[in-house]
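Undergrad: Predicted model and sequence follow; I will ask about them next.
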Amino acid sequence: MAQITSAEYWAQKGAIKLYVYRKRVATSAKGSPVLFLVHGSSASGRSSFDLAVPGRSDYSLMDHFAGLGYDVWTVDHEGYGRSDRTDGNSNIASGALDLAAAMQVVERETGQLQVCMYGGSSGALRAALYAQQHPDRVKRLMVSALVYTGEGSPTLAKRREKVEEYRASPRRKVDRAFIHSMFTRDKPGTSEMIAADALADAELPLGDTVPTGTYLDMCAHLPVVDPEKIACPVCIIRGEFDGIAAEPDLLDFFGRLPSKDKQFVFVSGLAHAATLGLNRHKFWHAMESFMSMPDNRALAPQQ
């Protein structure tokens, strides 16, 4: 495999500094397609997408797509990872502003205005809201563990039991046991626990709390995205055992998307932590297939 290099940057959202991370092949040509990855509620971007797992070499989504020729980026949202920690709760709307700030860095460094964007769980909502607000900046949008109205979601039903805690505090505690639960709550056996330990080892030194805003939005403020206002092609990827959303809710969202260049992909053997699951390579294949879809040709004129 060609040598893959990494680089770190800082984006500025007002007075708030956001950590931006990039990986690409060292010899990649200028103009390589950009893939921007958006993390979820409980782990930062670099840990989520460039995870080093002892004894394994195939857990980094960033390395995988860099090896395929993509210029791969991510950001730690406000209050996460290496980014500034504030009194805010880093809700979905705040996350879309983070993406706007990070995209200024991407444009400056690559010269490109449009990217392919992927988001998982609350990252799916952040990415979708950004695509809704900036239709000229997202070429193709991929989302997994998406929620629309939240109707029928077993995970959200359980999470709503603590909604007043999320209202009362901008941050919540996370520990090794919680990170383990991200890999086991839907279907034990869909992930290697060595990956859960690696994620805990990467995240917990950065802090033992994360913002509550995305949890509060998903429990009390849905919908936060209007699918009818997302103009770009969209791929919804659904892990077989993911409990964050019910299929009827997702299919309702899918049906409202205006673009006819759209896909709904079911992937067997995966749960909520899809990009770090045992069958993550099937998930990555779905992403690559969608991103490499040929552009439409103009229809032939009618005689």
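TA: On my side now, so go ahead.
Undergrad: This protein: strands as residue ranges?
TA: 4-13, 16-25, 34-38, 71-75, 115-120, 138-144, 171-173, 209-211, 234-239, 262-267 (DSSP state E).
Undergrad: Those strands into JSON lines, with extra columns for mean neighbour count and distance to Pro294?
TA: For the C-beta atoms, the positions are set from N, CA and C on the backbone; glycine is no exception. Shown next, in JSON lines, are the strands of the chain (neighbours: other Cβ atoms under 10 Å; distance: least, Cβ to Cβ, whole Å):
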{"stretch": "strand 4-13", "mean neighbour count": "15", "distance to Pro294": "27"}
{"stretch": "strand 16-25", "mean neighbour count": "22", "distance to Pro294": "23"}
{"stretch": "strand 34-38", "mean neighbour count": "27", "distance to Pro294": "18"}
{"stretch": "strand 71-75", "mean neighbour count": "28", "distance to Pro294": "20"}
{"stretch": "strand 115-120", "mean neighbour count": "27", "distance to Pro294": "14"}
{"stretch": "strand 138-144", "mean neighbour count": "25", "distance to Pro294": "12"}
{"stretch": "strand 171-173", "mean neighbour count": "15", "distance to Pro294": "44"}
{"stretch": "strand 209-211", "mean neighbour count": "23", "distance to Pro294": "40"}
{"stretch": "strand 234-239", "mean neighbour count": "25", "distance to Pro294": "15"}
{"stretch": "strand 262-267", "mean neighbour count": "16", "distance to Pro294": "14"}
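Undergrad: right, and those strands - which one's nearest Asp249?
TA: Among these, the nearest to Asp249 by Cβ to Cβ is strand 234-239 (10.9 Å).
Undergrad: so what secondary structure elements neighbour the closest one?
TA: Strand 234-239 sits against strand 138-144, helix 247-256, strand 262-267, helix 280-291, with contacts defined as 3 or more Cβ pairs under 8 Å, 6 or more residues apart in numbering; DSSP states H and E.
Undergrad: Ala102 and Leu276: what is the separation?
TA: Using Cβ to Cβ, to the nearest Å, we find Ala102 at a distance of 22 Å from Leu276.
Undergrad: and if you look at Ser57?
TA: 14 Å.
Undergrad: Give me the more crowded residue out of those two.
TA: Between Ser57 and Leu276, Leu276 has the larger neighbour count (other Cβ atoms under 10 Å), namely 26 against 9.
Undergrad: got the contact list for the closest residue to the more buried one other than its chain neighbours?
TA: Spatially, and ignoring its direct neighbours in sequence, Leu276 is nearest to Ala195 (5.0 Å; Cβ to Cβ, 6 or more residues apart in numbering). By Cβ atoms under 8 Å, 6 or more residues apart in numbering, Ala195 lies in contact with 51, 53, 56, 59, 183, 276.
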